[in-house]
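>>> Give me a 3D structure for the following:
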Amino acid sequence: MSLSTLAVGLLALSDPVGLLSVVGQAGAGSGSRLRQISRLAVLTYLAVLLVACWWGSGLLGFFGISLTAFRVAGGLILLPLGLRLLEGRPALLGSGLADDPAAAIVPIGVPMMAGPGTISLVVSEAPDGWFGRLLVSLVIGAMAMGLYLFLQLTPRLRGWLGQTRERVLQRLMGLLITAVAVQILVNGLKGCFPILA
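Residues are numbered from 1 along each chain as shown. Got it, this is the predicted structure:
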């Protein structure tokens, strides 16, 4: 998988459009609180994915799980997420986000931004060499910065998009996630069954 495909997959799986209503609710209409929520959520996202990039394969080896098996599992995790978004069924969250500062870390940072899908994608596609992992880390860092800037515009974007456009964009994200999931599954199955390559 190329770095550009990885970036598209991370963008789709992070579902920035789907975050707008949640971050807006957690921000409770306060600009300073919105900045705090965005900063904590993005730092959580960055830390989790960098750990997955640099030490995810080692953890798999420790538990005796092959990378090809993890790719297949990652694809199977991503596929229903993409189909769920395609059907217009976003993840449901409980109320009370605005009353809990820790909401920036859980559930916004993890698992909404850095969830099973993004972690699986990074672990399964991180190269073996340190230079390749450094490039993946740069992609993750760029995505984190982009997400932070995007979340800062939450009130304006929600007002401009409206409910209909939000739903259309969520379905497009679902289509991208589904395509990425199928590609990961194909790569994993080729590794398990070389005759398919």
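
>>> mind listing what Leu50 touches?
Ser137, Ile140 (Cβ atoms under 8 Å, 6 or more residues apart in numbering). Quick note: C-beta positions are derived from backbone N, CA and C, even for glycine.

>>> Kindly report the same for Leu10.
By Cβ under 8 Å, 6+ apart, the contact set of Leu10 is Leu49, Thr118, Leu121, Val122, Val139, Ile140, Met143.

>>> And Met113, by the same measure?
By Cβ under 8 Å, 6+ apart, the residues touching Met113 are Ser14, Leu19, Ala41, Val42, Thr44, Tyr45, Leu147.

>>> Give me the neighbour count for the third one.
Same thing as Ala41. Applying other Cβ atoms under 10 Å, we find 29 residues neighbouring Ala41.

>>> What residues of the helix or strand that contains it count as buried?
Using DSSP states H and E, Ala41 sits within helix 31-62. Buried residues in helix 31-62, defined by neighbour count with 16 or more other Cβ atoms under 10 Å: 34, 37-38, 40-42, 44-46, 48-50, 52-54, 56-57, 60.

>>> Check stretch 174-182 too.
Gly174, Leu176, Ile177, Thr178, Ala179, Val180, Ala181.

>>> likewise stretch 132-139?
Across stretch 132-139, burial judged by 16+ other Cβ under 10 Å covers Arg133, Leu135, Val136, Ser137, Val139.

>>> can you check stretch 14-33 too?
The neighbour-count check on stretch 14-33 (16+ other Cβ under 10 Å) flags 14-20, 22-27 as buried.

>>> what residues does that stretch touch?
In this structure, residues lying in contact with stretch 14-33 by Cβ under 8 Å, 6+ apart are 34, 37-38, 41, 45, 85, 90-91, 93, 97-98, 103-104, 108, 112-114, 118, 143, 147, 150-151, 154-155, 157-158, 161, 166, 169-170, 173.

>>> do stretch 135-148 as well
Residues contacting stretch 135-148 (Cβ under 8 Å, 6+ apart): 3, 6-7, 10-11, 14, 16, 19, 38-39, 42-43, 45-46, 49-50, 53-54, 113, 122, 125-127.

>>> any idea of the angle the worst-scoring helix or strand of the chain on mean pLDDT forms with helix 31-62?
For the chain, counting by mean pLDDT, DSSP states H and E, helix 16-27 ranks last in confidence among helices and strands (a mean of 73). Here the directions of helix 16-27 and helix 31-62 differ by 130 degrees (axes from the mean of the first three to the mean of the last three Cα atoms, to 10 degrees).

>>> Off-centre distance for the longest helix seen in the chain?
Looking across the chain with DSSP state H, the single longest helix is helix 154-192. Mean-position distance between helix 154-192 and its chain equals 10 Å (Cα atoms, centre = their mean, to the nearest Å).
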